[in-house]
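> output the structure for:
(chains A and B)
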Amino acid sequence: MLSRTADNLFWLARYMERADFVARIVEATQRLAALPQLTSDTGTEWESALEASGAAEGFHETKAKIEEATVVEYLTFAADNPSSIRNCIEWARANARAVRTALTVEVWESINVAWIELKRFEKGNLGSGRYDREDLTRFLEFVKRISLDYDGATHRTMLRNEAYWFSRLGLYIERADNTARILDVKYHVLLPQTEMIGGSLDYFQWTAILRAVSALTAYHWIYRESIKPWLIADLLVLRLEMPRSLIACYDNIARFLDSIGKDEAEPGKAQALAHQIMARLEQATTKDIFKIGLHEFITAFVEDNSLLGQTISEQYLLV
Amino acid sequence: MKPVDCFDEMTLPDGASRELYRKIAQWLETAPPDLLLSRQSHAELMFRRIGITFAVYGDKDATERLIPFDIIPRLISRRKWTHLETGLIQRVKAINLFLADIYGPQEIVKSGKIPAEMIETNPFFLKAMIGVSVPHGIFVHIAGIDLVRTGEDAFYVLEDNVRTPSGVSYMLENREVMMRLIPDLFAEHRVAPVENYPDALLASLRSVAPPGASGVPVIALLTPGQYNSAYYEHSFLADKLGIELVEGRDLLVQDDIVYMRTTKGPRRVDVIYRRIDDDFLDPQAFLPESAIGVKGLMRAYLAGNVTLANAVGTGIADDKAIYTFMPDIIHFYLGEKPILDNVPTWRCREPDALQYVLEHLPELVVKEVNGSGGYGMLVGPHAAKAQIGEFAAKLREHPDRFIAQPTLALSTCPAVFASGVAPRHVDLRPFVLAGSDGIRVVPGGLTRVAMEHGSLVVNSSQGGGTKDTWIVEEPAG
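Below you'll find the predicted structure:
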């Protein structure tokens, strides 16, 4: 496969995954910000939404005041935010268009139809800078649906060859980054002692995290008990059955990298690094993680993950 | 403007429908107008979903525009098609012999049939190709020959496109859409299939691999990239052929061998179906500023290590000045009479012709010898006085840059509009494939439609549309 094609597929998947994540962040934050206890200072919720989606720095440069309408605009339609949902879909399509031949009709259509619909939303209230909660709800539903369409089309129709593996690699690297980011932004509410403070506020904070990675129901199914912060960390870091947990992402990453490198005489740097990160996750326990410090653990993970992204690029995509 | 008195392919002058179109006419009569329009918009939606778009240069808002598609098929009888096909094969054969000759011994110039300066001063005559023997002696592997019709049996060749002709994806997609949209009508006719075109193209490309090629030749389609107006077609064809779609930056040349950069390292490429113009192919050989080309590609080509389809330098054969010599060219190389006629053409470089053209501008079509896409041409009957004056000045200054033709009464076919069904002028571009194993023509082609009432310009860059073209068995009786 052409290196450029692999690169486009990898980023196409990343952008689609990112669009979905940003949509979920906006949705979860909206719920949180609407809670009566918080009405006095909803700014911090929107601030952490910016941080979780890696857009805080860019937003501050715009000098806009942090409030619901401005942040939502920045995260959804802003042209100058490289990770706004609009830009994610634009970039996803640009990448898809460049590699039409590596995609099935179904995958291409899922992205192209998403893009056509995006153009329609752009002409509506939100795209024209008029904040409208009802439109926003519809828009976020749309974004979540298209990532399902894309994902399903990829899963159901693509040959299991390099094209598929590089797509999946992009998706899981991005997903691992997203899950880690939300954990990092919210880690303070997950520290064991916050349970002592208790109260409904934390409960909503915790469920917001779970919602952002669509894991609320999964939590109940797995633990069958009320929300406990350390169990959230357990779920999102160490649970193999949770599709967005760091370990589940790395289980996939290591597997797909092995498939990609199966004809190579010896494992490449990317393969070695992926297995190393996976081994670290396999050996970890929640107890260890809180001992090292959740924040420190996650920060180290984010760095490893981005190093792996770089290594994959050097090894396969930018030759 | 008044519609030119012309041949309508469906309707006889007395208003009755021709036998060939009987079922189409019945369908148009019985189908409610709403139905036609809703099918039409359904077709558009399908095209947009698939992503069949067309970029128009210089139009910022329309970077991805759809080519208008008309759902009424254009019918040509099998008998007429067989005649056209024979003529097309003859023409492409002659063009290939002509190219091999003018980059070789130049017998045709020596014989006095074509003036030497027509070749030497022609911007499309590439000195780099003199004395080069291309693999299997084939220069033109893919040709799009534009035909126009003015009467029951009167077909003319309007233009030979032998550089990087486009439009074949529309021929294929139009058929797909028609089969889905009006399956009943389709089933009632016995339409010759076109879907084997990609197979035929692949076979042709494989047959011209250079001698040192891999066992199964590796073929790639070279595109200028996704911002090119025909990018959709490039990706469509690469997909149907199962070959890599490469950009210049995906290729590299080492020791005069062409490789593509893959996730498994460099891989040798044997045949390049290039959709990039000669000038941009290789910044070391041609335009140094070309960012879409491949450094060293010409060296590899001249060393015989890669086949380019079409060959470099074919532009001389579809130049409009050389076009006027096509009957002589066919006769010179094949000893045959041309089966398909040229449109009568005045070469403005000849003083007598120039005089005639200047005197009759309002009734002629004047074209730039090296122009394409319908740019820079004058359609006399539709031009304003001032425009005619402007053109006359240009003609006097550079007569050798222009040719002129009578304004042909192009045939019309019915097309669907919000206001109802109305006739529109059409042309036809069949695609001819030449390999070392022979010449192939898929029955059909791209019918282009001038969507504006009375207009004769069918180019998609000028708002023209397309139709599906059906080669059908003659109705019995």
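> which stretches of chain A aren't confidently modelled?
Low-confidence segments of chain A (pLDDT under 70): A:37-43, A:191-201, A:319.
> tell me the residues of it that contact chain B?
Within chain A, the positions adjacent to chain B are A:1-6, A:94, A:97-101, A:105, A:108-109, A:112-113, A:116, A:162, A:166, A:260, A:263, A:316-317, A:319 by Cβ under 8 Å from any Cβ of the partner chain. C-beta coordinates here come from the backbone N, C-alpha and C atoms, glycine included.
> can you tell me how far residue B:47 sits from chain A?
11 Å (Cβ to the nearest Cβ, to the nearest Å).
> check contacts around that residue.
B:53, B:66, B:69, B:173, B:177 (Cβ atoms under 8 Å, 6 or more residues apart in numbering or on different chains).
> burial measure for the residue in the stretch 201-350 of chain B positioned nearest to chain A, as a count.
Per Cβ to the nearest Cβ, residue B:235 is where the stretch 201-350 of chain B lies closest to chain A, at 3.7 Å. Residues lying near residue B:235 (other Cβ atoms under 10 Å in any protein chain shown) number 24.
> what residues are up against the closest residue to it other than its chain neighbours?
In this structure, residue B:235 finds its nearest non-sequential neighbour in residue A:100, 3.7 Å apart by Cβ to Cβ, 6 or more residues apart in numbering or on different chains. For residue A:100, the contacting residues are A:108, B:51, B:232, B:235, B:236, B:239, B:245, by Cβ under 8 Å, 6+ apart.
> mind checking the end-to-end distance for stretch B:249-269?
End-to-end span of stretch B:249-269 (Cα to Cα, to the nearest Å): 14 Å.
> of the residues of chain A next to chain B, buried ones?
Using 16 or more other Cβ atoms under 10 Å in any protein chain shown as the burial test, the residues of chain A next to chain B include A:1-6, A:94, A:97-101, A:108-109, A:112-113, A:162, A:166, A:260, A:316-317, A:319 as buried.
> could you say which helix or strand holds residue B:179?
If you go by DSSP states H and E, residue B:179 is part of helix B:168-181.
> ignore what I typed, I meant residue B:158.
Counting by DSSP H and E, residue B:158 is part of strand B:155-161.
> that strand packs against which elements?
Judged by 3 or more Cβ pairs under 8 Å, 6 or more residues apart in numbering or on different chains; DSSP states H and E, strand B:155-161 is in contact with helix B:78-102, strand B:142-149, helix B:315-318, helix B:320-323, strand B:341-342.
> what is the first one packed up against?
Just to be clear, that refers to helix B:78-102. helix B:107-110, strand B:142-149, strand B:155-161, helix B:315-318, helix B:326-334, strand B:431-435, strand B:438-441, strand B:465-472.
> and the last one, what does it pack onto?
Strand B:465-472 is packed against strand B:69-77, helix B:78-102, helix B:168-181, strand B:412-417, strand B:446-449, with contacts defined by 3+ Cβ pairs under 8 Å, 6+ apart.
> swap in the longest one?
Secondary structure elements in contact with helix B:326-334, counted by 3+ Cβ pairs under 8 Å, 6+ apart, are helix B:78-102, helix B:107-110, strand B:341-342.
> quick one: it to strand B:155-161, angle?
Interaxial angle of helix B:326-334 relative to strand B:155-161 (axes from the mean of the first three to the mean of the last three Cα atoms, to 10 degrees): 80 degrees.
> list the buried residues for helix B:326-334?
For helix B:326-334, by 16+ other Cβ under 10 Å, it's B:326, B:328, B:329, B:330, B:332, B:333.
> and stretch A:209-221, by the same measure?
By neighbour count on 16+ other Cβ under 10 Å, the buried set for stretch A:209-221 is A:209, A:210, A:211, A:212, A:213, A:215, A:216, A:218, A:219.
> turn those residues into a markdown table, including secondary structure and distance to residue B:390.
Converted to a markdown table, those look like this (DSSP: H, G, I helix; E, B strand; the rest coil; distance: Cβ to Cβ, whole Å):
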| residue | secondary structure | distance to residue B:390 |
| --- | --- | --- |
| A:209 | helix | 71 |
| A:210 | helix | 72 |
| A:211 | helix | 68 |
| A:212 | helix | 65 |
| A:213 | coil | 67 |
| A:215 | coil | 71 |
| A:216 | helix | 72 |
| A:218 | helix | 73 |
| A:219 | helix | 76 |
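> JSON lines for these, including distance to residue B:36?
Output for those, formatted as JSON lines (distance: Cβ to Cβ, whole Å):
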{"residue": "A:209", "distance to residue B:36": "55"}
{"residue": "A:210", "distance to residue B:36": "53"}
{"residue": "A:211", "distance to residue B:36": "49"}
{"residue": "A:212", "distance to residue B:36": "50"}
{"residue": "A:213", "distance to residue B:36": "50"}
{"residue": "A:215", "distance to residue B:36": "52"}
{"residue": "A:216", "distance to residue B:36": "51"}
{"residue": "A:218", "distance to residue B:36": "52"}
{"residue": "A:219", "distance to residue B:36": "56"}
